[in-house]
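Colleague: Quick one: sequence plus predicted model below, questions after.
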Number of protein chains: 4
Amino acid sequence: MNENHSDDQIGRARVQDSPELLAYYKELETLGAGALWTVANDIEPWEPRSSSVAMLWKYESLRDLVLKSSELVTPEQAGRRVVYLVNDKRKDVSAAVGWLYTGIQVTRPGESTSAHRHKASALRFIMEGEGGYTVVDGNKITFEVNDFVITPNSTWHEHGVDTNGKTCIWQDGLDIPLVNALEANDYAVFDGKQPLANEVNFSPITYGCTGLIPADKTWDKPYSPLFKYSWKKVYPAIVEAAKVNPVNPIDGILMQYSNPSTGGHVMQTMSASMQLLPTGFKGKAHKHTGSFVYQCAKGKGYSIINGKRFDWKERDIFCVPSWAWHEHHNASDTEDACLFSFNDLPVIEKLGLYQERELEENNGFQKIE
Amino acid sequence: MNENHSDDQIGRARVQDSPELLAYYKELETLGAGALWTVANDIEPWEPRSSSVAMLWKYESLRDLVLKSSELVTPEQAGRRVVYLVNDKRKDVSAAVGWLYTGIQVTRPGESTSAHRHKASALRFIMEGEGGYTVVDGNKITFEVNDFVITPNSTWHEHGVDTNGKTCIWQDGLDIPLVNALEANDYAVFDGKQPLANEVNFSPITYGCTGLIPADKTWDKPYSPLFKYSWKKVYPAIVEAAKVNPVNPIDGILMQYSNPSTGGHVMQTMSASMQLLPTGFKGKAHKHTGSFVYQCAKGKGYSIINGKRFDWKERDIFCVPSWAWHEHHNASDTEDACLFSFNDLPVIEKLGLYQERELEENNGFQKIE
Amino acid sequence: MNENHSDDQIGRARVQDSPELLAYYKELETLGAGALWTVANDIEPWEPRSSSVAMLWKYESLRDLVLKSSELVTPEQAGRRVVYLVNDKRKDVSAAVGWLYTGIQVTRPGESTSAHRHKASALRFIMEGEGGYTVVDGNKITFEVNDFVITPNSTWHEHGVDTNGKTCIWQDGLDIPLVNALEANDYAVFDGKQPLANEVNFSPITYGCTGLIPADKTWDKPYSPLFKYSWKKVYPAIVEAAKVNPVNPIDGILMQYSNPSTGGHVMQTMSASMQLLPTGFKGKAHKHTGSFVYQCAKGKGYSIINGKRFDWKERDIFCVPSWAWHEHHNASDTEDACLFSFNDLPVIEKLGLYQERELEENNGFQKIE
Amino acid sequence: MNENHSDDQIGRARVQDSPELLAYYKELETLGAGALWTVANDIEPWEPRSSSVAMLWKYESLRDLVLKSSELVTPEQAGRRVVYLVNDKRKDVSAAVGWLYTGIQVTRPGESTSAHRHKASALRFIMEGEGGYTVVDGNKITFEVNDFVITPNSTWHEHGVDTNGKTCIWQDGLDIPLVNALEANDYAVFDGKQPLANEVNFSPITYGCTGLIPADKTWDKPYSPLFKYSWKKVYPAIVEAAKVNPVNPIDGILMQYSNPSTGGHVMQTMSASMQLLPTGFKGKAHKHTGSFVYQCAKGKGYSIINGKRFDWKERDIFCVPSWAWHEHHNASDTEDACLFSFNDLPVIEKLGLYQERELEENNGFQKIE
């Protein structure tokens, strides 16, 4: 491979304009055509190129505004009360990074939304509150802070909070921008209330023990039958895993939420992970394809993304664009830090588009701008 | 499901602006955020929504311009001499439809390009000429008119025409816009000439008989080991298939190019098909997700796409956007018509985004505008 | 389908002997051949036909003899001190049922075996003791009563009990008869002690939370990375599952041990399950292909197998041959009963040989002979 | 690994009989049990151990007897007129080698059998005649000499020869012994004649071009939709493949019949191959698990199996047991030789039991006994 990335070389377009050529281009344009060499270098970049920038959203700045939304509009008016987070360079597609949408939703005790479904897939990471629940295709799932919940592609879903619960706030993650870009999204409203198909928490209970599944193996959907990944189980598990696994110099202890019936990603288009950064952990830098949205679930620290430092603590949300150098640091010497993240890796992997590079210079650490 | 697609209903956003809300929106904006209900109805459409329009490119209009490109610029200057076809609504991403690129490339006898590779996948459908060849990862493949050839994701590839051949023109199809949109494209130039790894046409010969593969099964790539699908084999096969298969009222006789080592699509992101429309065939309308580019390989006819008629004959190229109603008609009562097409169905299918609807009214035929 | 199972019908061999035919048969025999019709009805039975009989082994009868083996022979002499259970009709292949071997192994505190490996796969179900462990390909796994442990095909493995533990007794299950029958077994002795590759219990800890797997996904073996399924997790999980799942009239609450990285069987040739029979449960009868060995892990009850009643309590072992009618009953109205079982269903399923029939007569219950 | 295969070593059973032990063994026997160390060395062999011997059946010796069967018994009496070939060491299970059955069937013009089905899978390789056909699940398939045809597990099937055809003789291959051993076989007779579901040869025609499959992809059976592999296509293809592929020193040019919808084996339990030995080819020896039955389809040569030479020419049938050293030689310097073979590799592979060893001594050639 030629590592000389000058475009003035064999195999790249290097055509100088001339009156004849300009006339030629104009004629092509009238026919709905163009000369490839006029755009080739632009559409064939040497390396992956993201149109997003790294951003961090401080929860302390947003929380009041999120709560205020529940005073300003009703669920009936708004569908859902959500403050969505938008990348400075992706406002046209309402994306937080790449083709991923994220927002912060609030639901007050006694409220519930109507049910709907769409070709976009959704996930939630619970930030505050008590008594919250979701109903997915007739399965009612209750959740608590730091639980991770999925509502896959084309499932009917609705959310609510028990009358005697406390106001719930959670992060939504969706692939709406991607599914719109792929010109495949749709939307339908459920006529009336979803009837419950099973006992409450049927699915997380039935699949609740690692390595144990119903012997009739009737599950045939392309997403995880678990629906909920409880922090009460996940955090102790990752703490135990940290005791017997070597700490990865880039990722710390990185565990992926998986589909227990396949070992694969939880949904067809989005994956999610929980990552523990041990006390004092200073992660090295790498970059890879795929877009990521993080939420700090525990502790505090900072990430350096493309040379810029972003400090975060519990509930802060930030994003890492595709092919951006990034490293994660735990800022505490006494408490571990946990980062929840979701991403579009299932898309990137299925289409054969994953690649990764580790930073070699400066012992693997970026210089901060 | 509620079929009433008015947005003024439960489950859709219906918030009226007010001074208080406008102030609220402004405050959110300063924080890199927004209120979901201001964009929800737009980003959650009732049905798949394409930003492309149906278009047809007449070969008789383009052929001279394509040939002229080989006079105007050299391969060394231009990389490749290609006239690309661009959708009126997708000029920003150089796409013919959806996220698919297509172009018409010309190579004169004795010419050959340098080798390169990219994360985008490519395919060719041969339109004219003799003595053309492609070299894919060291495998030299010769081709003839109406042959279909692939150069998958990240394979080194180069093309040429023998000194004693005739000027070759072929259609290129690539997923460049998609891979750019997914922020994963890259590009590399091969340093020098690719050495041949095998005898000429090793791969199409080795996998040349249906149901017969090398017993060592060493093939482990995520694309077809066949590389070339010869019209000399494909056309007689589809004619024979037409004798024993019922004619599909929508598709005629529709055969998919497949990977003989998996039975799946030829590459990870793009699929291709050959379709025979029997004499006098009048196809009914359906619509589905996924973007399609067609080339007429034989005969003549017309397609009705979203109510508009497009007449085509051999070598004409046209596109059908996602979720556009379309029907194909053979305009001859004496000769069958064949349509080559390529599409992004592997993407749509893997991500769980395929859906289809048949036209029910008017006996399945669209009314022409 | 013709339900008349008389062999005197079209499609079955019904040839009468004659002097000419007898001479013909003799001539064929000299050539290493025979006439199919002389054996066809025998080798093509109307229904699956097992050569095993149902049997039950009372632990109270065997326990002293198992312990005695550890006095009679040393590990160095015997390799392992195991009393194996042999089906009355399968003595020639040392099988407990079908092609499955089972035995009861004893290891005293401070003892350990040398490491070996074989193409046969093995599993253990722990019956008694403390401080037992197994080492599988360098992974030391400690176990307790009612834990289920695997030592797959071709992994180096050895077992032992800590010096300050208590004598351990466990059930071994292997597919030795099957792998011998398939003429594929082998055996090798490890030269010296296996070095430990990881922390103790690395694997069950790392994969210890349902739906959480290491994000690097380096596991590529055709068996479960979990290695151990702890009763301390499994029993509470199945009790919880019983609260939200309907009780299956045949199986009660039947959960399969699974490979968390695939959702499939724990090993390539053998599967295992844990089954809870609620208090007072009276299971209906069915029969299916596949051979099963059971051990009662908790409680007491009885099974009716091909019309014969077998009473069991904790630690008793029994078998159900292929295509034998069987039903399981909990004999207690105050305590649930749990049956561990292992079987050859992975073989039966992969080869397309599974079939099942439910008993229709007598409301689904067999008449006891 | 310890290569010292003496059994008098650590890890193997080496217990001497004593009166006390003999009494112990007797007591165990009364309880349906035994001491593992009395059988361990026998059931855990150092290397795969076959109970079959290599054999060759000369067609010139058998042909008259096969034809005679059609005079001695009618199809109505015999079901089918078949001379089956039985291994000297596998007479108890009517197997030609391992768990594979093979026979030579004769059908006269105008004859046809009734339809039946069974859990055993079947295949045919055509030896003589004209106008033969098979009907598989309503698909009528005509065949010619050297065609390979499948009738998978549980498909209704019947065979016949057109009234104006010529007496057909073909080799049957079945896994009856295996499916019986796995206690899963069954049998049913079709009531009346199978109605044809499709045009004659629908399936081989529809899937007749490599890399081209019906776009609707409705095929969901676990076996090849092709049903027939025509010599008219296979032989030219393998001759062409031989021109561009290096000759494998062990196998010559070895091509596997495959399922075009998966790239896998043609059926769930049996695979088949066609192998070309170029003029003068002298294959080196290897051994592997899996049982093989060969028929010479063209030319002449000899195989050396476990040190014994077997000379074969067109239509001769021979077998290679599991783990037997074998090498194949073309005895002609002017004509290539072709060996058809079928085997149980799908079983061996799916269960993780495949292993192979190449002969190192004597430059890879066996010494003939």
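Modeller: Yep, it's here.
Colleague: Contact partners for A:Val244?
Modeller: By CB atoms under 8 Å, 6 or more residues apart in numbering or on different chains, A:Val244 lies in contact with C:198-202, C:205-206. C-beta here means a position set from N, CA and C on the backbone, and glycine is covered the same way.
Colleague: of all those, which comes closest to chain D?
Modeller: C:Asn198 (21.5 Å; CB to the nearest CB).
Colleague: Give me the pLDDT for the nearest residue to the closest one once chain neighbours are set aside.
Modeller: Nearest residue to C:Asn198, sequence neighbours excluded (CB to CB, 6 or more residues apart in numbering or on different chains): C:Asn139, at 5.5 Å. Note on C:Asn139: pLDDT of 96.
Colleague: got it, and A:Met1?
Modeller: 36.
Colleague: nearest residue to A:Pro45 other than its sequence neighbours?
Modeller: Per CB to CB, 6+ apart, closest to A:Pro45 is B:Asn185, 5.9 Å.
Colleague: Would you mark the buried spots in stretch A:222-241?
Modeller: Within stretch A:222-241, the residues that qualify as buried are A:223-231, A:233-235, A:237-238, A:240-241, counting by 16 or more other CB atoms under 10 Å in any protein chain shown.
Colleague: actually stretch A:107-125, sorry about that
Modeller: Buried residues in stretch A:107-125 (16+ other CB under 10 Å): A:107-109, A:111-125.
Colleague: Narrow those to those in strands?
Modeller: A:107, A:116-118, A:122-125 (DSSP state E).
Colleague: Which residue lies nearest the spatial centre of chain A?
Modeller: The residue lying closest to the centre of chain A (CA atoms, centre = their mean) is A:Phe342, at 3.0 Å.
Colleague: quick one: it and A:Ser271 touch, right?
Modeller: Yes: under the criterion of CB atoms under 8 Å, A:Phe342 makes contact with A:Ser271 at 6.9 Å.
Colleague: Helices of chain A, residue ranges please.
Modeller: In chain A, the segments counted as helices under DSSP state H are A:19-30, A:40-43, A:59-72, A:75-78, A:176-181, A:202-206, A:231-244, A:345-350.
Colleague: contacts for stretch A:40-50?
Modeller: Residues outside stretch A:40-50 that contact it (CB under 8 Å, 6+ apart) are A:5, A:7, A:12-13, A:98, A:289, A:291, A:321-324, A:355, B:78-80, B:94, B:101, B:118-120, B:176-177, B:180, B:183-188.
Colleague: If we use 6 Å, what do you get?
Modeller: A:5, A:7, A:12-13, A:289, A:321-323, B:79, B:94, B:118, B:176, B:183-187 (CB atoms under 6 Å, 6 or more residues apart in numbering or on different chains).
Colleague: ok, back up a step: quick one: which of the contacts of A:Val244 is most hemmed in?
Modeller: C:Thr206 (25 neighbours; other CB atoms under 10 Å in any protein chain shown).
Colleague: Just confirm it contacts A:Ala241, I think it does.
Modeller: Yes: using CB atoms under 6 Å, C:Thr206 is in contact with A:Ala241, at 5.2 Å.
Colleague: so which residue of the stretch 201-350 of chain A comes closest to chain B?
Modeller: For the stretch 201-350 of chain A, CB to the nearest CB, closest residue to chain B: A:Ser322, 3.7 Å.
Colleague: Output the set of residues of the stretch 201-350 of chain A in proximity to chain C.
Modeller: A:202, A:205-213, A:215, A:226, A:229, A:233, A:237, A:240-241, A:244, A:254-258, A:260-263, A:273 (CB under 6 Å from any CB of the partner chain).
Colleague: cool, and the stretch 51-200 of chain A?
Modeller: Checking the stretch 51-200 of chain A against chain C by CB under 6 Å from any CB, the hits are A:Glu199.
Colleague: Nearest spatial neighbour of the residue of the stretch 201-350 of chain A closest to chain B, chain-adjacent residues omitted?
Modeller: Nearest to A:Ser322 is B:Glu183, by CB to CB, 6+ apart, at 3.7 Å.
Colleague: Any idea how many residues pack against the one you found?
Modeller: Considering only other CB under 10 Å, B:Glu183 is surrounded by 25 other residues.
Colleague: From the contacts of stretch A:40-50, keep the buried residues only.
Modeller: A:12-13, A:289, A:321-323, B:79, B:94, B:118, B:176, B:183-187.
Colleague: what about the residue nearest to A:Pro236 when sequence neighbours are not counted, distance to C:Tyr354?
Modeller: What sits nearest to A:Pro236 in space, not counting adjacent residues and going by CB to CB, 6+ apart, is C:Cys209, at 7.9 Å. Per CB to CB, to the nearest Å, C:Cys209 is found 32 Å from C:Tyr354.
Colleague: Comparing those two, which residue is more hemmed in?
Modeller: C:Cys209 (26 against 15).
Colleague: How confident was the prediction at that one?
Modeller: 97.
Colleague: Just name the most buried of the helices of chain A.
Modeller: Counting by mean count of other CB atoms under 10 Å in any protein chain shown, helix A:176-181 has the highest mean neighbour count of these, with a mean of 25.
Colleague: can you pull the contacts of the residue lying closest to A:Ala324 once chain neighbours are set aside?
Modeller: Leaving aside its chain neighbours, A:Ala324 sits nearest to A:Asn306 (4.8 Å; criterion: CB to CB, 6+ apart). A:Asn306 sits next to A:54, A:324-325 when contact means CB under 6 Å, 6+ apart.
Colleague: How far does the lowest-mean-pLDDT helix or strand in chain A sit from its chain's centre?
Modeller: Ranked by mean pLDDT, DSSP states H and E, the helix or strand of chain A with the weakest confidence is helix A:75-78, at a mean of 83. The chain centre lies 25 Å from the centre of helix A:75-78; the measure is CA atoms, centre = their mean, to the nearest Å.
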